[in-house]
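okay, here's the prediction I keep looking at, along with the sequence it came from:
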Amino acid sequence: MASSRKTILIVDDDTDYLFQLKFHVEKMGFDVVTAESQREAENILKNIKPDLAILDLMMENEDSGFILSYKLKRMYPDVPVIIATAVSAETGMSFGISSEQERQWIKADLYLEKGIRPDQLHREILKLLKV
């Protein structure tokens with residue numbers, strides 16, 4: 001019997017954060033697939049279509065999350081993408097997807113600062129999955 005659980009791809013090069021996020025998302029009742037780099041995630045996406053993806057922004061390159069989000073949306077336009085990053089806190093640079101101009105080059109459905117509480121993240125995931 002096939003599982004009806006939703007699968008979430010989490011990509012982050014911070015292995016501690018990746019472990020914690022995987023733990024919380026699995027506790028929410030989702031299956032989780034993880035990758036520690038843009039390249040590893042691209043290989044996973046050749047074989048698996050996740051129901052939702054949570055991507056770090058800065059991994060092997062400063063814009064890895066944007067590139068991965070763009071590629072994922074080209075392969076699976078219906079898969080919601082959350083970009084979760086600490087770039088604003090670390091660099092002072094600010095990104096978002098609130099304006100049309102930002103949405104044209106940031107192919108994500110939601111942009112979150114890292115440090116979001118698990119219950120908030122759970123609400124955002126459910127909203128994006130429409131469950």
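In hand now; what should we look at?

wait, Tyr17 sits on Lys114?
Yes - using C-beta atoms under 8 Å, Tyr17 makes contact with Lys114 at a distance of 7.0 Å. Yep, even glycine has a C-beta here, placed from its N, CA and C like the rest.

can you pull out the low-pLDDT segments for this structure?
Low-confidence segments of the chain, defined by pLDDT under 70: 1-3, 87-99, 101-106.

most centrally placed residue in the protein?
Ile54 (1.3 Å; C-alpha atoms, centre = their mean).

quick one: contacts of the one helix or strand it maps to?
Taking DSSP states H and E as the criterion, Ile54 maps to strand 52-55. With contacts defined as C-beta atoms under 8 Å, 6 or more residues apart in numbering, strand 52-55 is touched by 6, 8-12, 21, 25, 41, 65, 68-69, 72, 79-84, 108, 125, 128-129.

sort out for me which of the residues you listed are in strands.
Secondary structure from DSSP state E places Ile8, Leu9, Ile10, Val11, Val81, Ile82, Ile83, Ala84 of these in strands.

quick one on the thing from earlier: partner residues bridging the residue nearest to the centre of the chain?
Assessed by DSSP bridges, Ile54 has beta-bridge partners Ile10, Ile82.

from the ones in strands among the contacts of strand 52-55, list the buried ones, please.
Listed as buried from the ones in strands among the contacts of strand 52-55 are Ile8, Leu9, Ile10, Val11, Val81, Ile82, Ile83, Ala84; burial here means 16 or more other C-beta atoms under 10 Å.

farthest-separated two in those?
Ile8 and Ile83 (13.9 Å; C-beta to C-beta).
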